[in-house]
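Undergrad: Sequence and computational prediction follow.
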Amino acid sequence: MGSTDDQVSYYLYKPSHVLPAVFAVLVGISMLLHIFQNFYYRFWRITFFVSWGGALFTTGWILRCISSHHPGNMNLYIAQSVFIYLAPPVYSAAAYNLVGRLMNYAPMHAVLNPNRVLIFFVYVGAAVESITVAGAARTAAAGSDLNQYKSGGILIAAGLVLQSVVECLVVTIVVTFHRRVSRAGATPRNVKTVCYTLYGTSTFVLLRCVFRAVEAFETIGKVGCSENCGPVLSNEWYLYAFELGPMMIFTYWLNLLHPGRFLPREKKRFLDMDRSTERSGPGWMDRRSMWETVIDPFDLAGMRKGQPSHDEYWLRPEEWPVCENGSFADGTASNKNSGTKSSKRKAGEV
(Lines give C-alpha, C1' and ligand atoms only; values in the text may rest on other atoms or scores of the structure.)
Protein backbone atom coordinates (compact mmCIF):
# COMPACT_ATOMS: atom_id res chain seq x y z
CA MET A 1 0.00 0.00 0.00
CA GLY A 2 1.16 3.54 -0.62
CA SER A 3 2.06 6.12 1.97
CA THR A 4 -0.45 8.87 1.16
CA ASP A 5 -4.21 9.09 1.39
CA ASP A 6 -4.50 9.58 -2.39
CA GLN A 7 -2.61 6.38 -3.16
CA VAL A 8 -4.46 3.97 -0.90
CA SER A 9 -7.91 3.27 0.49
CA TYR A 10 -8.85 0.94 3.29
CA TYR A 11 -12.41 0.83 1.96
CA LEU A 12 -13.53 -1.68 -0.68
CA TYR A 13 -15.81 0.98 -2.20
CA LYS A 14 -15.84 4.73 -2.52
CA PRO A 15 -17.24 5.86 0.84
CA SER A 16 -19.93 8.51 0.92
CA HIS A 17 -18.91 11.90 2.31
CA VAL A 18 -22.46 13.12 2.91
CA LEU A 19 -24.28 10.19 4.52
CA PRO A 20 -21.99 9.83 7.58
CA ALA A 21 -22.42 13.56 8.31
CA VAL A 22 -26.21 13.40 7.95
CA PHE A 23 -26.55 10.36 10.16
CA ALA A 24 -24.06 11.68 12.72
CA VAL A 25 -26.46 14.61 13.14
CA LEU A 26 -29.52 12.34 13.41
CA VAL A 27 -27.84 10.02 15.93
CA GLY A 28 -26.62 13.07 17.87
CA ILE A 29 -30.14 14.53 18.00
CA SER A 30 -31.47 11.25 19.39
CA MET A 31 -28.70 11.25 22.01
CA LEU A 32 -29.51 14.84 23.06
CA LEU A 33 -33.23 14.05 23.27
CA HIS A 34 -32.47 11.12 25.51
CA ILE A 35 -30.16 13.17 27.73
CA PHE A 36 -32.95 15.75 28.08
CA GLN A 37 -35.49 13.07 29.00
CA ASN A 38 -33.12 11.46 31.49
CA PHE A 39 -32.88 14.81 33.27
CA TYR A 40 -36.62 15.43 32.84
CA TYR A 41 -37.66 12.09 34.35
CA ARG A 42 -34.52 11.73 36.50
CA PHE A 43 -34.06 8.28 35.06
CA TRP A 44 -30.28 8.28 34.61
CA ARG A 45 -29.68 5.21 36.73
CA ILE A 46 -31.77 3.03 34.42
CA THR A 47 -31.14 4.40 30.91
CA PHE A 48 -27.70 6.00 31.21
CA PHE A 49 -26.34 3.49 28.69
CA VAL A 50 -28.54 4.89 25.88
CA SER A 51 -26.87 8.29 26.28
CA TRP A 52 -23.41 6.74 26.53
CA GLY A 53 -24.04 4.51 23.51
CA GLY A 54 -25.32 7.56 21.62
CA ALA A 55 -22.11 9.45 22.37
CA LEU A 56 -20.04 6.53 21.05
CA PHE A 57 -22.21 6.06 17.95
CA THR A 58 -22.20 9.78 17.12
CA THR A 59 -18.42 9.87 17.50
CA GLY A 60 -18.11 6.85 15.21
CA TRP A 61 -20.08 8.47 12.38
CA ILE A 62 -18.25 11.78 12.75
CA LEU A 63 -14.97 9.89 12.46
CA ARG A 64 -16.31 8.00 9.45
CA CYS A 65 -17.18 11.29 7.78
CA ILE A 66 -13.62 12.51 8.31
CA SER A 67 -12.20 9.13 7.28
CA SER A 68 -14.18 9.19 4.01
CA HIS A 69 -12.10 12.23 2.99
CA HIS A 70 -8.87 10.45 3.98
CA PRO A 71 -9.52 6.79 3.04
CA GLY A 72 -5.83 5.92 3.29
CA ASN A 73 -5.44 7.10 6.88
CA MET A 74 -5.27 3.87 8.87
CA ASN A 75 -5.76 5.50 12.29
CA LEU A 76 -8.99 7.19 11.21
CA TYR A 77 -10.22 3.99 9.57
CA ILE A 78 -9.54 1.97 12.74
CA ALA A 79 -11.11 4.61 14.99
CA GLN A 80 -14.37 4.87 13.05
CA SER A 81 -14.64 1.06 12.84
CA VAL A 82 -14.08 0.61 16.58
CA PHE A 83 -16.53 3.32 17.69
CA ILE A 84 -19.28 2.10 15.34
CA TYR A 85 -18.80 -1.48 16.56
CA LEU A 86 -18.61 -0.32 20.19
CA ALA A 87 -21.97 1.46 20.44
CA PRO A 88 -24.61 -1.30 19.89
CA PRO A 89 -23.51 -3.51 22.84
CA VAL A 90 -23.66 -0.38 25.04
CA TYR A 91 -27.18 0.37 23.79
CA SER A 92 -28.11 -3.21 24.70
CA ALA A 93 -26.96 -2.65 28.29
CA ALA A 94 -29.80 -0.11 28.68
CA ALA A 95 -32.30 -2.85 27.77
CA TYR A 96 -30.73 -5.21 30.33
CA ASN A 97 -31.07 -2.53 33.02
CA LEU A 98 -34.67 -1.92 32.01
CA VAL A 99 -35.49 -5.63 32.40
CA GLY A 100 -34.21 -5.47 35.99
CA ARG A 101 -36.27 -2.39 36.82
CA LEU A 102 -39.38 -3.96 35.27
CA MET A 103 -39.02 -7.03 37.51
CA ASN A 104 -38.42 -4.84 40.57
CA TYR A 105 -41.72 -3.15 39.75
CA ALA A 106 -43.62 -6.47 39.61
CA PRO A 107 -41.40 -8.71 41.79
CA MET A 108 -44.02 -11.44 42.21
CA HIS A 109 -43.50 -12.30 38.52
CA ALA A 110 -39.71 -11.90 38.40
CA VAL A 111 -37.81 -14.62 36.56
CA LEU A 112 -34.58 -13.99 38.46
CA ASN A 113 -33.13 -11.61 41.03
CA PRO A 114 -33.85 -8.16 39.48
CA ASN A 115 -30.79 -6.66 41.17
CA ARG A 116 -28.50 -9.16 39.44
CA VAL A 117 -29.88 -8.73 35.92
CA LEU A 118 -27.64 -5.77 35.11
CA ILE A 119 -24.57 -7.31 36.76
CA PHE A 120 -25.03 -10.63 34.95
CA PHE A 121 -25.77 -9.21 31.51
CA VAL A 122 -23.37 -6.25 31.66
CA TYR A 123 -20.46 -8.55 32.47
CA VAL A 124 -21.45 -10.77 29.55
CA GLY A 125 -21.94 -7.65 27.42
CA ALA A 126 -18.49 -6.39 28.40
CA ALA A 127 -17.03 -9.67 27.18
CA VAL A 128 -18.95 -9.33 23.90
CA GLU A 129 -17.76 -5.76 23.50
CA SER A 130 -14.12 -6.62 24.20
CA ILE A 131 -14.12 -9.50 21.72
CA THR A 132 -15.90 -7.52 19.00
CA VAL A 133 -13.79 -4.37 19.34
CA ALA A 134 -10.58 -6.40 19.42
CA GLY A 135 -11.67 -8.13 16.22
CA ALA A 136 -12.65 -4.84 14.55
CA ALA A 137 -9.30 -3.28 15.44
CA ARG A 138 -7.34 -6.29 14.17
CA THR A 139 -9.26 -6.41 10.91
CA ALA A 140 -8.97 -2.68 10.28
CA ALA A 141 -5.22 -2.65 11.02
CA ALA A 142 -4.37 -5.91 9.23
CA GLY A 143 -3.23 -4.33 5.98
CA SER A 144 -1.50 -7.10 4.00
CA ASP A 145 -1.25 -9.41 7.02
CA LEU A 146 -3.76 -12.07 6.00
CA ASN A 147 -3.51 -14.02 9.26
CA GLN A 148 -4.34 -10.94 11.31
CA TYR A 149 -7.19 -10.10 8.95
CA LYS A 150 -8.66 -13.57 9.34
CA SER A 151 -8.22 -13.71 13.12
CA GLY A 152 -9.97 -10.34 13.40
CA GLY A 153 -12.92 -11.67 11.43
CA ILE A 154 -13.09 -14.76 13.65
CA LEU A 155 -13.13 -12.60 16.81
CA ILE A 156 -15.91 -10.42 15.40
CA ALA A 157 -17.97 -13.48 14.45
CA ALA A 158 -17.50 -15.00 17.92
CA GLY A 159 -18.55 -11.76 19.62
CA LEU A 160 -21.63 -11.42 17.44
CA VAL A 161 -22.73 -15.01 18.04
CA LEU A 162 -22.34 -14.45 21.79
CA GLN A 163 -24.32 -11.21 21.65
CA SER A 164 -27.09 -12.95 19.69
CA VAL A 165 -27.29 -15.66 22.36
CA VAL A 166 -27.51 -12.97 25.07
CA GLU A 167 -30.28 -11.12 23.22
CA CYS A 168 -32.25 -14.35 22.78
CA LEU A 169 -31.89 -15.01 26.52
CA VAL A 170 -33.14 -11.49 27.29
CA VAL A 171 -36.17 -11.98 25.04
CA THR A 172 -36.88 -15.35 26.70
CA ILE A 173 -36.80 -13.69 30.15
CA VAL A 174 -39.13 -10.89 29.05
CA VAL A 175 -41.55 -13.36 27.39
CA THR A 176 -41.60 -15.50 30.56
CA PHE A 177 -42.19 -12.44 32.75
CA HIS A 178 -44.91 -11.13 30.40
CA ARG A 179 -46.72 -14.48 30.39
CA ARG A 180 -46.63 -14.66 34.20
CA VAL A 181 -48.17 -11.18 34.44
CA SER A 182 -50.86 -12.07 31.88
CA ARG A 183 -51.77 -15.33 33.59
CA ALA A 184 -52.33 -13.50 36.87
CA GLY A 185 -54.88 -11.15 35.30
CA ALA A 186 -55.11 -8.12 33.02
CA THR A 187 -51.65 -6.79 32.20
CA PRO A 188 -51.22 -3.15 33.30
CA ARG A 189 -50.75 -0.84 30.33
CA ASN A 190 -47.36 0.45 31.46
CA VAL A 191 -45.98 -3.08 31.90
CA LYS A 192 -47.30 -4.08 28.47
CA THR A 193 -45.70 -1.01 26.86
CA VAL A 194 -42.29 -1.71 28.37
CA CYS A 195 -42.45 -5.40 27.39
CA TYR A 196 -43.30 -4.54 23.77
CA THR A 197 -40.51 -1.97 23.77
CA LEU A 198 -38.03 -4.62 24.89
CA TYR A 199 -39.28 -7.03 22.21
CA GLY A 200 -38.75 -4.36 19.57
CA THR A 201 -35.33 -3.17 20.69
CA SER A 202 -34.04 -6.75 21.01
CA THR A 203 -35.33 -7.53 17.51
CA PHE A 204 -33.33 -4.63 16.07
CA VAL A 205 -30.20 -5.67 17.96
CA LEU A 206 -30.58 -9.20 16.60
CA LEU A 207 -31.06 -7.87 13.08
CA ARG A 208 -27.84 -5.91 13.42
CA CYS A 209 -26.05 -9.00 14.78
CA VAL A 210 -27.17 -11.07 11.79
CA PHE A 211 -25.84 -8.44 9.39
CA ARG A 212 -22.51 -8.15 11.17
CA ALA A 213 -22.19 -11.94 11.39
CA VAL A 214 -22.74 -12.26 7.62
CA GLU A 215 -20.14 -9.54 7.12
CA ALA A 216 -17.67 -11.28 9.46
CA PHE A 217 -18.03 -14.67 7.75
CA GLU A 218 -17.72 -12.98 4.37
CA THR A 219 -14.53 -11.33 5.66
CA ILE A 220 -13.11 -14.69 6.72
CA GLY A 221 -13.97 -16.24 3.38
CA LYS A 222 -12.49 -13.37 1.36
CA VAL A 223 -9.14 -12.96 3.10
CA GLY A 224 -6.82 -10.82 1.02
CA CYS A 225 -9.58 -9.72 -1.34
CA SER A 226 -9.25 -6.22 -2.83
CA GLU A 227 -12.27 -6.07 -5.18
CA ASN A 228 -15.55 -7.93 -5.80
CA CYS A 229 -15.33 -9.25 -2.24
CA GLY A 230 -18.99 -10.10 -1.86
CA PRO A 231 -22.15 -7.99 -1.61
CA VAL A 232 -21.80 -6.94 2.03
CA LEU A 233 -18.12 -6.02 1.94
CA SER A 234 -18.31 -4.32 -1.44
CA ASN A 235 -21.45 -2.19 -0.93
CA GLU A 236 -21.70 0.60 1.62
CA TRP A 237 -25.50 0.70 1.69
CA TYR A 238 -25.62 -2.54 3.69
CA LEU A 239 -23.89 -0.74 6.56
CA TYR A 240 -26.52 2.01 6.61
CA ALA A 241 -29.47 -0.34 6.17
CA PHE A 242 -28.52 -3.05 8.67
CA GLU A 243 -26.15 -1.39 11.16
CA LEU A 244 -27.16 2.24 11.35
CA GLY A 245 -30.86 1.74 10.58
CA PRO A 246 -31.71 -0.74 13.36
CA MET A 247 -29.72 1.18 15.97
CA MET A 248 -31.30 4.51 15.02
CA ILE A 249 -34.79 3.01 15.29
CA PHE A 250 -33.71 1.51 18.65
CA THR A 251 -32.74 4.93 20.04
CA TYR A 252 -35.70 6.88 18.64
CA TRP A 253 -38.10 4.20 19.91
CA LEU A 254 -36.73 4.70 23.43
CA ASN A 255 -37.15 8.46 22.98
CA LEU A 256 -40.78 8.18 21.88
CA LEU A 257 -41.59 5.64 24.61
CA HIS A 258 -39.08 6.66 27.24
CA PRO A 259 -39.16 4.15 30.15
CA GLY A 260 -39.20 7.07 32.61
CA ARG A 261 -42.82 7.65 31.56
CA PHE A 262 -43.92 4.14 32.52
CA LEU A 263 -41.81 2.89 35.45
CA PRO A 264 -40.85 4.49 38.76
CA ARG A 265 -37.23 5.46 39.23
CA GLU A 266 -37.30 4.06 42.79
CA LYS A 267 -36.60 0.35 42.58
CA LYS A 268 -38.32 -0.30 45.93
CA ARG A 269 -41.64 0.94 44.60
CA PHE A 270 -43.69 -2.07 43.51
CA LEU A 271 -47.10 -2.90 42.10
CA ASP A 272 -49.54 -4.48 44.55
CA MET A 273 -51.47 -7.64 43.74
CA ASP A 274 -54.52 -5.53 42.79
CA ARG A 275 -52.50 -4.29 39.75
CA SER A 276 -53.26 -0.66 40.52
CA THR A 277 -51.98 0.30 43.96
CA GLU A 278 -48.25 0.92 44.29
CA ARG A 279 -46.39 0.52 47.56
CA SER A 280 -42.98 1.40 48.89
CA GLY A 281 -41.48 -1.92 49.93
CA PRO A 282 -38.10 -3.17 51.13
CA GLY A 283 -36.88 -4.10 47.64
CA TRP A 284 -35.81 -7.52 46.49
CA MET A 285 -34.23 -9.37 49.40
CA ASP A 286 -32.24 -12.48 48.49
CA ARG A 287 -30.95 -14.57 51.37
CA ARG A 288 -28.04 -15.87 49.28
CA SER A 289 -24.65 -14.24 48.86
CA MET A 290 -23.94 -12.07 45.83
CA TRP A 291 -21.78 -14.76 44.25
CA GLU A 292 -24.51 -17.38 44.68
CA THR A 293 -27.00 -15.10 42.91
CA VAL A 294 -24.54 -14.50 40.06
CA ILE A 295 -23.71 -18.20 39.67
CA ASP A 296 -27.36 -19.26 39.99
CA PRO A 297 -29.35 -16.20 38.83
CA PHE A 298 -32.55 -18.21 38.29
CA ASP A 299 -32.41 -19.74 41.80
CA LEU A 300 -32.54 -23.25 40.39
CA ALA A 301 -31.39 -24.67 43.72
CA GLY A 302 -34.29 -23.00 45.54
CA MET A 303 -36.79 -24.12 42.88
CA ARG A 304 -35.54 -27.68 43.22
CA LYS A 305 -36.14 -27.58 46.97
CA GLY A 306 -39.49 -25.82 46.58
CA GLN A 307 -38.19 -23.00 48.79
CA PRO A 308 -37.32 -19.75 47.00
CA SER A 309 -34.26 -17.96 48.36
CA HIS A 310 -35.91 -14.54 48.33
CA ASP A 311 -38.42 -12.89 50.64
CA GLU A 312 -41.92 -12.75 49.11
CA TYR A 313 -42.70 -9.39 50.71
CA TRP A 314 -45.50 -8.63 48.21
CA LEU A 315 -47.64 -11.26 49.97
CA ARG A 316 -47.69 -8.97 53.04
CA PRO A 317 -49.02 -5.74 51.49
CA GLU A 318 -50.34 -4.43 54.81
CA GLU A 319 -46.74 -3.99 55.97
CA TRP A 320 -45.80 -1.53 53.23
CA PRO A 321 -47.08 2.05 52.84
CA VAL A 322 -49.09 3.07 49.80
CA CYS A 323 -47.49 5.60 47.42
CA GLU A 324 -49.74 8.65 47.45
CA ASN A 325 -48.57 10.40 44.28
CA GLY A 326 -50.58 8.19 41.94
CA SER A 327 -49.85 4.98 40.12
CA PHE A 328 -47.81 4.32 36.99
CA ALA A 329 -50.15 1.42 36.24
CA ASP A 330 -53.09 3.85 36.10
CA GLY A 331 -51.08 6.56 34.35
CA THR A 332 -51.53 8.94 37.29
CA ALA A 333 -47.94 8.95 38.61
CA SER A 334 -44.91 10.69 37.15
CA ASN A 335 -41.18 10.77 37.79
CA LYS A 336 -41.35 14.53 37.27
CA ASN A 337 -42.77 14.88 40.78
CA SER A 338 -40.42 15.89 43.59
CA GLY A 339 -40.43 12.44 45.10
CA THR A 340 -42.44 9.41 46.07
CA LYS A 341 -44.87 10.12 48.87
CA SER A 342 -46.08 7.20 50.93
CA SER A 343 -48.90 7.13 53.42
CA LYS A 344 -47.70 7.81 56.93
CA ARG A 345 -49.82 5.01 58.22
CA LYS A 346 -49.48 1.45 57.04
CA ALA A 347 -52.52 -0.07 55.51
CA GLY A 348 -54.64 -1.72 58.15
CA GLU A 349 -53.47 0.52 60.98
CA VAL A 350 -56.00 2.56 62.90
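TA: Here it is on my side, so go on.
Undergrad: Quick check on residue 311: phi, psi?
TA: Residue 311 adopts backbone torsions of phi -80, psi 120, taken as degrees, to the nearest 10.
Undergrad: ok, now which ones touch it?
TA: 282, 285, 287 (CB atoms under 8 Å, 6 or more residues apart in numbering). The C-beta positions use only the backbone N, C-alpha and C, and glycine is treated the same way.
Undergrad: Now, those residues that are in helices?
TA: In helices, judged by DSSP state H, none of the contacts of residue 311 are found.
Undergrad: which one of these sits closest to residue 81?
TA: Ranked by distance to residue 81 (CB to CB), the contacts of residue 311 are led by residue 285 at 45.0 Å.
Undergrad: what about the closest one, distance to residue 311?
TA: Taking CB to CB, to the nearest Å as the measure, residue 285 falls 4 Å from residue 311.
Undergrad: what do you get for residue 158?
TA: As judged by CB to CB, residue 158 and residue 311 stand 40 Å apart.
Undergrad: what do you get for residue 254?
TA: Distance, residue 254 to residue 311, using CB to CB: 32 Å.
Undergrad: Also residue 78?
TA: Using CB to CB, we find residue 78 at a distance of 50 Å from residue 311.
Undergrad: Check residue 157 too.
TA: Relative to residue 311, residue 157 is positioned 43 Å away (CB to CB).
Undergrad: for residue 48, same thing?
TA: Counting by CB to CB, the gap from residue 48 to residue 311 is 28 Å.
Undergrad: For the stretch 51-200 of the chain, which residues score under the pLDDT cut-off?
TA: 122, 140, 142-145 (pLDDT under 70).
Undergrad: follow-up on the earlier one: of the contacts of residue 311 - the most surrounded one?
TA: For those, counting by other CB atoms under 10 Å, the largest number of neighbours falls to residue 285: 14 neighbours.
Undergrad: pretty sure that one contacts residue 309?
TA: No - between residue 285 and residue 309 there is no contact under CB atoms under 8 Å: 9.7 Å.
Undergrad: just the strands in this protein please.
TA: For the chain, the strands defined by DSSP state E occupy 269-271, 278-280.
Undergrad: Residues contacting the first one, please?
TA: With contacts defined as CB under 8 Å, 6+ apart, strand 269-271 is touched by 104-107, 188, 191, 277-281, 314, 323, 329, 340.
Undergrad: Can you tell me which of those is nearest residue 126?
TA: So of the contacts of strand 269-271, ranked by how close each gets to residue 126 (CB to CB), first place is residue 104, at 22.4 Å.
Undergrad: Report the contact partners of the closest one.
TA: By CB under 8 Å, 6+ apart, the contact list for residue 104 reads 110, 114, 115, 267, 268, 270, 283, 284.
Undergrad: Need the max-distance pair from these.
TA: The largest separation in the contacts of residue 104, counting by CB to CB, is between 110 and 268 at 13.9 Å.
Undergrad: hang on, the earlier thing: okay, who's weakest in the contacts of residue 311 by pLDDT?
TA: Lowest in pLDDT among the contacts of residue 311 is residue 287, which has 78.
Undergrad: For residue 312, see how far away it is.
TA: Residue 287 sits at a distance of 12 Å from residue 312 (criterion: CB to CB).
Undergrad: which residues are common contacts for those two?
TA: With the criterion set as CB under 8 Å, 6+ apart, the contacts of residue 287 and residue 312 do not overlap.
Undergrad: got any ranges where the stretch 201-350 of the chain has weak pLDDT?
TA: Low-confidence segments of the stretch 201-350 of the chain (pLDDT under 70): 221-228, 294, 298, 300, 303, 306, 337-350.
Undergrad: ends of stretch 255-273, how far apart?
TA: End-to-end distance for stretch 255-273, by CA to CA, to the nearest Å: 30 Å.
Undergrad: Pull out the buried residues from it.
TA: By neighbour count on 16 or more other CB atoms under 10 Å, the buried set for stretch 255-273 is 255, 258-272.
Undergrad: In contact with residue 91: list those residues for me.
TA: Going by CB under 8 Å, 6+ apart, residue 91 touches 49, 50, 53, 54, 57, 201, 205, 247, 250, 251.
Undergrad: ok, the fourth one to residue 291 distance?
TA: Spelled out, it's residue 54. According to CB to CB, residue 54 and residue 291 sit 33 Å apart.
Undergrad: quick one: which of the two has more around it?
TA: Each of residue 54 and residue 291 has its neighbours counted (other CB under 10 Å); residue 54 has more, 25 against 8.
Undergrad: can you map out the helices along this protein?
TA: Under the criterion DSSP H, helices of the chain are mapped to 18-41, 44-69, 74-105, 114-141, 146-183, 189-221, 231-234, 237-239, 245-256, 290-295, 300-305.
Undergrad: The longest one vs helix 114-141, what angle?
TA: Following axes from the mean of the first three to the mean of the last three CA atoms, to 10 degrees, one obtains 160 degrees for the angle between helix 146-183 and helix 114-141.
Undergrad: Compute the inter-axis angle for helix 146-183 and helix 189-221.
TA: 160 degrees.
Undergrad: same for helix 146-183, what does it pack against?
TA: helix 74-105, helix 114-141, helix 189-221 (3 or more CB pairs under 8 Å, 6 or more residues apart in numbering; DSSP states H and E).
Undergrad: still on that earlier bit, most neighbours, which of the contacts of residue 91?
TA: That'd be residue 50 among the contacts of residue 91, by other CB under 10 Å, with 30 neighbours.
Undergrad: Could you report the pLDDT at it?
TA: At residue 50, pLDDT is 94.
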